[in-house]
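S.K.: return atomic coordinates for the entry below.
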Amino acid sequence: MKYIDFEDAFSAARLNKYRKACGGNAYKALTLYRHNVKLCQKIYGVLNVFEIVLRNAINKHYTFVFNDADWIFHQLQKGGMLEFSTHRNEVLQSINEMVKENKYTPDKVVSSVSFGFWTYMFTRVPFRLGNQSILQIFPNRQTGLGQKAIFKELQQIKQFRNRIAHHEPICFDANGHKSLVYAQTNYTLILKYISFLGYDKDELLFGLDAKPDRVMNQISIL
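M.R.: As a prediction, this is how the structure comes out:
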C-alpha cells in the first residue's frame, strides 16, 4: 500500500502527527505508527492484569469489612457507602439487566463494573464511609502515601488506560514531539501499584509478552 492509501484507511489527521514528528518522512511515520500500536498492545496487557488484581483486592477487602459477598449492591442503596457514587445508576442498570436475564451473581457484578468505579473507591466519601480501611489492600505501599495521593495516581493510570483504549498515541510529548516519557512514567506507575498490592511483577506477568522495552528502544532510535 502507498502512504496515501494508509491516509485513507487511518485518516490524514491521525497520521499527520506521526509524519510531523518524523520530519515529514512518510516511511518513518508509518513505522512509528506501528510501533505505537505495538507499545499500546504490550502495556494494555499489563493494565489488564493490574485492573483485575486491583478489583479483586478491593472486593475481597470489602467482602470482609461488610461481611457481605454482595456488598456492591447493598452499598449502592440508601445509606450505603456508594449511595452517592457517580457510577451508581450505571451499576444498578447493569445489575437489573443481569437479574432480568437470570444471570446475576456478585462475582459478575465485580467483573462488569468499570475501572472508574474501582478508582472512585479511593475518593473521600467512600474512603470515609468504608472505615478508612481500603489502603490495607496495599501492604507494600510507600510510608506516608495516603488516600489523596493514591487516588490521584490511580486517576493518572485510568487516564492513561483510557487513552490506549481509545487508540490515542502514547509516543509523543505535549508539543507533538516523539517522546517516551509519558508511556514510561505511566508504565512504571502501574508496576509500582502491582508491587503495592503485594505481588512480584515478574511472577505476576510471567508468560505474558508484556515488556515494552524493545518497542520503546525501536521508537527511540527511529
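
S.K.: where does residue 162 sit: helix, strand or coil?
M.R.: Following DSSP: H, G, I helix; E, B strand; the rest coil, we place residue 162 in the helix state.

S.K.: quick one: it and residue 151, what's the gap?
M.R.: 16 Å (Cβ to Cβ, to the nearest Å). (C-beta placed from N, C-alpha, C; glycine too.)

S.K.: comparing those two, which residue is more hemmed in?
M.R.: Using other Cβ atoms under 10 Å as the criterion, residue 162 and residue 151 rank with residue 151 on top: 17 against 12.

S.K.: what's near enough to touch the nearest residue to that one once chain neighbours are set aside?
M.R.: Of all residues not flanking residue 151 in the chain, residue 122 sits nearest, at 4.0 Å (Cβ to Cβ, 6 or more residues apart in numbering). Contacts for residue 122 (Cβ atoms under 8 Å, 6 or more residues apart in numbering) come out as 134, 147, 150, 151, 154.

S.K.: derive a ChimeraX selection command for the buried subset of the residues you listed.
M.R.: When burial is assessed using 16 or more other Cβ atoms under 10 Å, the buried subset of the contacts of residue 122 is captured in ChimeraX by this command:
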select :134,150,151,154
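
S.K.: out of the contacts of residue 122, the closest to residue 39 would be?
M.R.: residue 154 (21.6 Å; Cβ to Cβ).

S.K.: so who does residue 99 touch?
M.R.: Listed by Cβ under 8 Å, 6+ apart, residue 99 has no contact partners.
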